[in-house]
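A.B. asks: attaching a predicted model along with its sequence, questions to come.
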Amino acid sequence: MSEHLPLAVKDSIMPGKLCAAGPLGEMGSVMAEKLAAFADGGKPVKSKKDKYDDDFDVVWRHTSITTGMNAFSFGKSYFPKGATNISLLQCAYSFGWRAVAAPNFGGWGDSWPCYVFRMLKDASAAPPELCFGSIKDSNLPGKFCFSGPSADGVIDALCGALTKLPKNEDVKNEKDSYDADHDAVARNVNITTGAWSSFFGLKYFPRGDSMSTVLDTLRDEGWQVACCPNFGGMTDSWPTFVLEKRDGPVGEQLFLAVKDDNIPCVVGNDVASAEETRVRTPECFPNSKWA
């Protein structure tokens, strides 16, 4: 059996596919059941390839992993559905797979989020609790959406920490009609510079103080970032975090943001140790327009 399993979400321009490369065995049918529970559009999820899928081993069709195109709605296009993604991740983890990376492919308006899993040596090991969080800050919603058993507690902790930062004083734990796919939502967040940060158009660049606070709060709550898939399409980008609950302490974390002119912005509690490890490849990195 292969030690790695890539999953690619082909949801842009409405294909509704999840493509897997690797022998899935029993997990293939279980994954289909998990995806079917969140299907919409009246078509049942099924494992079926077509002529465009020859380079994958298994393809599930009619899935509903993102919000889709949403051309005639106030909803945001291709925003990840938390309930579907957390169920997908929990299924993979229950069979001994662990998320190790989340590359994003695409171009010319398309975005193809991917998960890369690695098989544990002991596939029977109990999986950690998972949490799935996506930043919905494009087009001014100002939301951080979380899904998972502990989503409410995570959002409460984040709200308490973020309200101490400028322009985050009104952050609160509250969902609306567009958040049915998520368990809890922090509203009125300013995690990026937003749509109109300056005359020069520095849009949606991550705010260092907000990101540092988010990562420190997650660490204090016992969460470790496993990977950072990026969803989106057209002109939108939705940075996302897959988190694993740790029994022991979580170490200090460092956030780096590249501002396109080769001048790095470094935010963290221990920049000196980051300098010592500068030659190492990060275990994960938010894959967005600015990262």
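C.D. replies: Yes, it's here.
A.B. asks: can you give me the strands in the stretch 101-250 of the chain?
C.D. replies: 104-107, 110-119, 130-136, 143-147, 172-173, 184-187, 223-227, 230-233, 236-245 (DSSP state E, counting those that start in this stretch).
A.B. asks: what's the third one in contact with?
C.D. replies: For strand 130-136, the surrounding residues in contact (CB atoms under 8 Å, 6 or more residues apart in numbering) are 76, 79-80, 82, 85-86, 89-90, 93, 142-148, 150-151, 154, 182, 189, 191-192, 223, 231, 238-245. For glycine as for every other residue, the C-beta is placed from the backbone atoms N, C-alpha and C.
A.B. asks: do you know how far the one residue sitting closest to the centre of the chain is from residue 57?
C.D. replies: In the chain, the centroid-proximal residue (CA atoms, centre = their mean) is residue 240; its distance is 2.6 Å. Distance, residue 240 to residue 57, using CB to CB, to the nearest Å: 25 Å.
A.B. asks: repeat for residue 37
C.D. replies: Applying CB to CB, the value for residue 37 to residue 57 is 23 Å.
A.B. asks: can you check residue 47 too?
C.D. replies: Distance, residue 47 to residue 57, by CB to CB: 10 Å.
A.B. asks: again, but for residue 8
C.D. replies: Separation of residue 8 from residue 57 (CB to CB): 12 Å.
A.B. asks: name the residues contacting each of these two.
C.D. replies: Common contact partners of residue 8 and residue 57 (CB under 8 Å, 6+ apart): 20-21.
A.B. asks: which of the two has more neighbours?
C.D. replies: residue 8 (20 against 15; other CB atoms under 10 Å).
A.B. asks: picking that back up, so what's the residue nearest to the centre of the chain up against?
C.D. replies: Contacts for residue 240 (CB under 8 Å, 6+ apart) come out as 80, 102, 113, 132-135, 228-231, 286.
A.B. asks: residue 25: which of the residues you listed is nearest?
C.D. replies: Here the nearest of these to residue 25, counting by CB to CB, is residue 102; it sits at 22.9 Å.
A.B. asks: which residues does the closest one contact?
C.D. replies: With contact taken as CB under 8 Å, 6+ apart, residue 102 is in contact with 113-116, 227-230, 240, 242, 284, 287.
A.B. asks: tell me the one among the residues you listed nearest to residue 31.
C.D. replies: Among those, and counting by CB to CB, the member closest to residue 31 is residue 115, at 11.9 Å.
A.B. asks: close enough to count as contact, that closest one and residue 6?
C.D. replies: Yes - the pair residue 115 / residue 6 is scored as a contact, 7.1 Å apart, by CB atoms under 8 Å.
A.B. asks: which one's more surrounded, the two?
C.D. replies: residue 115 (25 against 16).
A.B. asks: where does the closest residue to the more buried one other than its chain neighbours sit, in terms of helix or strand?
C.D. replies: Excluding the flanking residues, the one nearest residue 115 by CB to CB, 6 or more residues apart in numbering is residue 7, at 4.5 Å. Using DSSP states H and E, residue 7 sits in strand 4-10.
A.B. asks: cool, and residue 35?
C.D. replies: Taking DSSP H and E as the criterion, residue 35 maps to helix 26-36.
A.B. asks: who are the packing partners of that helix?
C.D. replies: Helices and strands in packing contact with helix 26-36 are listed as strand 46-47, strand 58-61, helix 82-94; criterion 3 or more CB pairs under 8 Å, 6 or more residues apart in numbering; DSSP states H and E.
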